[in-house]
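S.K.: Need a 3D model of the following:
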Amino acid sequence: MTIGYVAIHCDIGREVQTYERLISTPHVREASIVLGVYDLVCKIEAGTTKELESTVMLIRKIPHVQTTMTLLVL
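M.R.: Model prediction:
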């Protein structure tokens, strides 16, 4: 199993809307709205690194997502 965390910066005022789309994304196991440089953080659990990469690409296509930072768990 491949695990990663994704920090997401989204448009101001669109955190809840983005969160709702995020939690319905395949392989996303946890998600939280946070304060700081990023607006949301989620945990991805996928079978392979390729599946994790595909999930991150889906997240990046969610409306109002501006940037992401992915942390791969070793």
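
S.K.: where in the protein is pLDDT low?
M.R.: With pLDDT under 70 as the threshold, the chain has no low-confidence stretch at all.

S.K.: Can you list the residue ranges for helices in this protein?
M.R.: For the chain, applying DSSP state H gives helices covering 15-22, 49-60.

S.K.: out of the ones you listed, nearest to V6?
M.R.: Closest to V6 of the helices of the chain is helix 49-60 (C-beta to C-beta; 6.0 Å). The way it works is simple: take the backbone N, C-alpha and C, and place the C-beta from them, glycine included.

S.K.: picking that back up, TSV please, covering the helices of the chain and showing mean neighbour count and distance to V37.
M.R.: Listed next are the helices of the chain as TSV, based on neighbours: other C-beta atoms under 10 Å; distance: least, C-beta to C-beta, whole Å:
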stretch	mean neighbour count	distance to V37
helix 15-22	17	14
helix 49-60	16	17
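
S.K.: can you list those helices in a markdown table and add distance to I3?
M.R.: Conversion of the helices of the chain to a markdown table gives the following (distance: least, C-beta to C-beta, whole Å):
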| stretch | distance to I3 |
| --- | --- |
| helix 15-22 | 16 |
| helix 49-60 | 8 |
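
S.K.: Okay, strands next: where are they in the chain?
M.R.: Remark: strands assigned in the chain by DSSP state E are 2-10, 28-33, 40-46, 65-72.

S.K.: Alright, that wraps it up for me.
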